[in-house]
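1. Fold the following and give me the result.
(chains A and B)
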Amino acid sequence: MASEIISGLNSYFTFRIGSELFAVNIGNVTKILGLTDITKVPNSPRYFKGIINHFGDVLPVFDGRIKFGFTETEYTKNTCILVLVVEIEGQPVNTGVIVDSVEKVLIFEPEQIKSAPTVGKGFNSEFILGIATVQSEFVIILNVDKIFSEEEINLIIAVE
Amino acid sequence: MILFQERFKEEVREYFERLESGLLLLEHEPENFQVIDEIFRIMHSMKGSGGMFGFDLLSDVTHDLESLFDIFRSKKMQVNSEVISFTLSSIDGLQHLLTQEPTEEHYLLAKKLKEEAVMLIKKLNPSPAEINSDENTNERVVGNRPLDANQITYFIAFKPNENIFENGTNPLYLIDELNALGECNTQMSFDQLPDLMQLDPGKCYTTWEIFIATTEDIETLQDVFIFVNDKATIEIEKVSTGNVIHVEAILADFLNTRINSETWTPLEPELAEDIFQEDEKTVVLTETKQSGETPKTAAFSNTTVDSIRVDSQKIDQYMNLVSELITAQSRLDMLSLKLHNSDLELITESIEKISRQLRDNAFDMSLIPLQSIAVRFKRLIHDLSKTLDKQVELATDGLDTELDKSIIEKLIEPLLHIIRNSLDHGIENKEERAAKSKNEVGTISIKASTVGSYVQIEISDDGRGLDAAKIRTKAIAKGIITEHDKLSEYEIFNLIFEPGFSTSELVTDVSGRGVGLDVVRRKVQEMRGSVEIESELNLFTKFILKLPLSLSIIDGLLTRVGDNYYVIPSSAVKKIFMVNQQMLKKDFRQVVELEGNQIPYMNMHEEFETELDLPENQYAVTVSYGNQSFGLVVDEVVREYQAVIKSLGKLLNSQDIFSGASILGNGQLALVIDTNKIIQKYS
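-> Have a look, this model is predicted:
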């Protein structure tokens, strides 16, 4: 079961969707699963891929590409499901996000994280905790609780 | 300590319920002293333990209520309806006082309740000296029991053979058994005990001498030892008529006679009675062990406990585990089918059998009878009929029908709402009833029964019934239907479940607080149940609720559409037909002709699997929707299937045509269809 969400750690888990490098606080990541058969649920929003059997529980799976406004592509051998624990109505809830590839765990000290720019590149700053830089590449640190609380909204984070 | 207090609160809530049901019973049988005694007893223990756990206000107010009931218990007065109403409302007040950190408000409430109680006591019983005598009377009750003339005191000498342990007998169990038959005075004797060096721990050296006062006969006592007759020496002798266990003089006399090997003449009743008189003080002050065995006739005061209290969370946990077992079992089932190993098949079969039994057993455990909430109905009717000045009687039938605990909990509100409605809108006032030459006393009846995997609850009143024309006009005025809609009477009646529809012209205090019958329907549907209405003008209105037995496991039909599986709850399924594309008409109305009837349908393949081609032959599963049929067209009907329903989770709340998902044996997921919702969406 989803344990307490540990926050306040400076470790961040990074992954790629499309051209962008994203990060979430390590406390939000519970598992990384290979891509399995996903049972689709008719009549749901396009970014909602379906449900999978996650050790006897039903885990909803979202497509990160669609959710974040990228074009859909074929899944590759690097594609996987990132299981995140997010807080919804005060309850920790497990949810899966399909990402193009997972990278590694990085440590960002609070002073390394800059606030998100409000203009340019089509970012919706409400869903972003901040931006950090790794080897001259930007890492978008996501506010996962926010992303899933607004499930009906298609997040236009990146415009390719 | 907090734990104890929580437990106490739980206990008090149970007391409240028992008090309520007792009081309501008393209303009809004001001279039922057993009930009065029971009420008094509950109040007494509530007072005592309330004080012990720091609920001082509660115990304070209860003290006065207890004094009040002492008047009736001592038969000085008869209980009247004023007292019952007062006590009922006091109990409501007491529920608020169930707090350890009382505020000003609580003190005021307690003061008010106490004053009212004292006033009532004064009114009923002018001599104040009697009021506070409850301590004494209480002891009199305790003292009363040993005076039971039906009891006989016996002496039993029980000398087990040394090797009695060898066949597994535990002599202590026999002593326990005797204790259950009556009041015992047991002495152990270790005379036979050898030195430590010679002691064989596998042998029994103890002997017992027991005095027992019991209403049972000597044969019953002998029967206790029936299995050890040849392994022990047992002597049973009558000591006296009546209970003389506490009269030490007699016991000593008897033992002396025994030691001197003289013959003891059992004491005669009169003689024993005399001794009682003398020794009454000792008798009175003795704690008795036999409170459980006094036979009580009224069902209400039946306090023998043959059940245990289990934390409801534990039951939920147990249910979850059983659900998981069933999921695992169906996986095993799949594997066994694949491997074709006869040994494995045998085991699988027996595991399937056991897990089904376990499931039924677990179900059974979490089922509670409707009776458990009946007090709430009675109470509501009692209070409301006073407020509305209508005379109403409640007739119940089949309230022993059992339902899942979680359903019962969710059912209380809708049921009370319906009853409130019936009382307020259904039952006419006295004059109106007289004018219609109906019995002045209205009747509300609640009938419950199990129908297949469903429980049906009917709540009907013999009131004014529903006026279809009136409802129609109103529905048009409210914009629920239009002038041109052609509706059957049944459909019109069911309009009153629509949001924003309220039947009463004036908003009363009782019902019509803005929440209408639409809430009832929604709540019932949330439990995968349904509610319908039948009525005849000026005769009756009847609400029919159908509810599943359980929320977490359902019997369903496993069907396939494309590559995906869907479960249709069996409770809704009527028939399965094989159909081909020619039969599925798609003109201006989607209907399929089955057995001569035109049935609207929804092709799940067309709706859910737009990318795949339609197969030539499909199956139409007809499900009931209200009193109509609707066809769900699927590619294949796989088999019957016991679905353990898992929620789709908070993120998918908007997804309402599926009530959840079930994990199939192969780990694949099948969506469980909510037939009502899917029909509403697609018809």
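
2. For the rest of this, base every contact and every neighbour count on C-alpha atoms.
-> Will do.

3. Could you report the neighbour count for residue 100?
-> I'll assume chain A. A:D100: 23 surrounding residues under other C-alpha atoms under 10 Å in any protein chain shown.

4. think we crossed wires, I meant chain B
-> Here the count is done by other C-alpha under 10 Å, and B:Q100 has 13 residues near it.

5. so what's residue 114 up against?
-> Reading this off chain A. When the contact criterion is C-alpha atoms under 8 Å, 6 or more residues apart in numbering or on different chains, the partners of A:K114 are A:G130, A:I131, A:A132.

6. Hmm, no, I was thinking of chain B.
-> B:K114 makes contact with B:V61, B:D64 under the criterion C-alpha under 8 Å, 6+ apart.

7. So which of the contacts of A:K114 is the closest to B:N163?
-> Sorting the contacts of A:K114 by how near they are to B:N163, with C-alpha to C-alpha, puts A:G130 at the top with 82.9 Å.

8. The helix or strand encompassing B:E607: which residues count as buried?
-> When secondary structure is defined using DSSP states H and E, the element that contains B:E607 is helix B:604-608. By neighbour count, with 16 or more other C-alpha atoms under 10 Å in any protein chain shown as the criterion, the buried positions of helix B:604-608 are B:M604, B:H605, B:E606, B:F608.

9. Columns pLDDT and distance to B:Q100 on top of these, output as CSV?
-> Output for these, formatted as CSV (pLDDT from 0 to 100; distance: C-alpha to C-alpha, whole Å):
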residue, pLDDT, distance to B:Q100
B:M604, 88, 58
B:H605, 87, 61
B:E606, 83, 63
B:F608, 84, 58
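
10. If we check chain A, which of these are in contact?
-> Among these, the residues lying close to chain A (C-alpha under 8 Å from any C-alpha of the partner chain) are B:F608.

11. Name the residues that touch the helix holding B:E607?
-> Helix B:604-608 is touched from outside by A:P42, A:N43, B:V561, B:G562, B:L614, B:L632, B:V633, B:V634, B:D635, with contacts defined as C-alpha under 8 Å, 6+ apart.

12. what's the answer for stretch B:180-191, then?
-> Where contact means C-alpha under 8 Å, 6+ apart, the residues beyond stretch B:180-191 that reach it are B:178, B:205-216, B:245, B:288-290.

13. Hmm, A:F13 is touching A:E103, no?
-> Yes. A:F13 lies in contact with A:E103 (C-alpha atoms under 8 Å); the separation is 7.5 Å.

14. Comparing those two, which shows the higher neighbour count?
-> In this view A:F13 and A:E103 are compared by other C-alpha under 10 Å, and A:F13 has more residues nearby, 19 against 13.

15. how about the more buried one, what does it touch?
-> So A:F13 contacts A:A23, A:V24, A:N25, A:I26, A:V29, A:E103, A:K104, A:V105, A:L106 (C-alpha under 8 Å, 6+ apart).

16. Could you say which helix or strand holds it?
-> Element membership of A:F13, judged by DSSP H and E, is strand A:11-17.

17. what lines up beside that strand in the sheet?
-> Note on strand A:11-17: by DSSP bridges, its sheet partners are strand A:20-25 (antiparallel), strand A:101-107 (antiparallel).

18. Just give me how far the shortest one sits from the chain centre.
-> It refers to strand A:20-25. Distance, stretch centre to chain centre, for strand A:20-25: 7 Å (C-alpha atoms, centre = their mean, to the nearest Å).

19. For chain A, see how far away B:L612 is.
-> The spacing between B:L612 and chain A, counted by C-alpha to the nearest C-alpha, to the nearest Å, is 14 Å.

20. Assign a three-state SS to that residue, would you?
-> Three states are possible here, and by DSSP: H, G, I helix; E, B strand; the rest coil the one that applies to B:L612 is coil.

21. That one contacts B:D563, correct?
-> No. B:L612 sits out of contact with B:D563 when judged by C-alpha under 8 Å, with a separation of 9.7 Å.

22. Any residues of chain A in contact with chain B? List them.
-> Applying C-alpha under 8 Å from any C-alpha, one finds that chain A approaches chain B through A:39-44, A:51-53, A:56-60, A:88, A:93, A:148, A:151.

23. out of the contacts of A:K114, which are buried?
-> A residue is treated as buried here by neighbour count (16+ other C-alpha under 10 Å); on that basis the buried members of those are A:G130, A:I131, A:A132.

24. how about the second one, what does it touch?
-> Meaning A:I131. Contacts of A:I131 (C-alpha under 8 Å, 6+ apart): A:I113, A:K114, A:S115, A:A116, A:F138, A:V139, A:I140, A:I141.

25. Stretch B:415-425 - what's its average pLDDT?
-> The pLDDT scores in stretch B:415-425 average 86.

26. which parts of it are buried?
-> The neighbour-count criterion (16+ other C-alpha under 10 Å) identifies B:L415, B:L416, B:H417, B:I418, B:I419, B:R420, B:N421, B:S422, B:L423, B:D424, B:H425 as the buried residues of stretch B:415-425.

27. And A:C80, how far from chain B?
-> Separation of A:C80 from chain B (C-alpha to the nearest C-alpha) stands at 19 Å.

28. what ranges of chain A fall below the confidence cut-off?
-> A:1-8, A:89, A:117-125, A:149-160 (pLDDT under 70).

29. Can you tell me which residue of it sits closest to chain B?
-> Here chain A gets closest to chain B at one residue, A:P42, 5.5 Å apart by C-alpha to the nearest C-alpha.

30. Skipping adjacent residues, who's closest to that residue in space?
-> Leaving aside its chain neighbours, A:P42 sits nearest to B:F608 (5.5 Å; criterion: C-alpha to C-alpha, 6 or more residues apart in numbering or on different chains).

31. hey, which helix is longest across chain A?
-> Residue-count comparison of every helix in chain A, with assignments taken from DSSP state H, identifies helix A:144-149 as the longest.

32. buried ones in it?
-> Neighbour-count burial for helix A:144-149, with 16+ other C-alpha under 10 Å as criterion, is recorded at A:V144, A:D145, A:K146, A:I147, A:F148.

33. Now render those as a markdown table, adding distance to B:L344.
-> What follows is the buried residues of helix A:144-149, written out as a markdown table (distance: C-alpha to C-alpha, whole Å):
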| residue | distance to B:L344 |
| --- | --- |
| A:V144 | 47 |
| A:D145 | 48 |
| A:K146 | 50 |
| A:I147 | 48 |
| A:F148 | 46 |
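
34. Nearest residue to the middle of the chain?
-> Here I'm looking at chain A. Of all residues in chain A, the one closest to the mean position by C-alpha atoms, centre = their mean is A:V97, 5.9 Å from it.

35. Which strand or helix spans it?
-> In this structure, A:V97 is located in strand A:91-99 according to DSSP H and E.

36. so how far is that strand off the chain centroid?
-> Offset of strand A:91-99 from its chain centre (C-alpha atoms, centre = their mean): 8 Å.

37. Tell me which other helices or strands it touches.
-> On a contact count with 3 or more C-alpha pairs under 8 Å, 6 or more residues apart in numbering or on different chains; DSSP states H and E, strand A:91-99 meets strand A:11-17, strand A:57-63, helix A:64-67, strand A:80-88.

38. shaky segments in the stretch 551-683 of chain B?
-> Those would be B:551-552, B:588, B:626, B:650-655, if you go by pLDDT under 70 across the stretch 551-683 of chain B.

39. Which of the contacts of A:K114 sits closest to B:K575?
-> The shortest distance between B:K575 and any of these, using C-alpha to C-alpha, involves A:G130 and amounts to 58.4 Å.

40. Mind listing what's buried along the helix or strand B:E116 falls within?
-> Using DSSP H and E, B:E116 sits within helix B:104-124. Within helix B:104-124, the residues that qualify as buried are B:H106, B:L109, B:A110, B:L113, B:K114, B:E116, B:A117, B:V118, B:L120, B:I121, B:L124, counting by 16+ other C-alpha under 10 Å.
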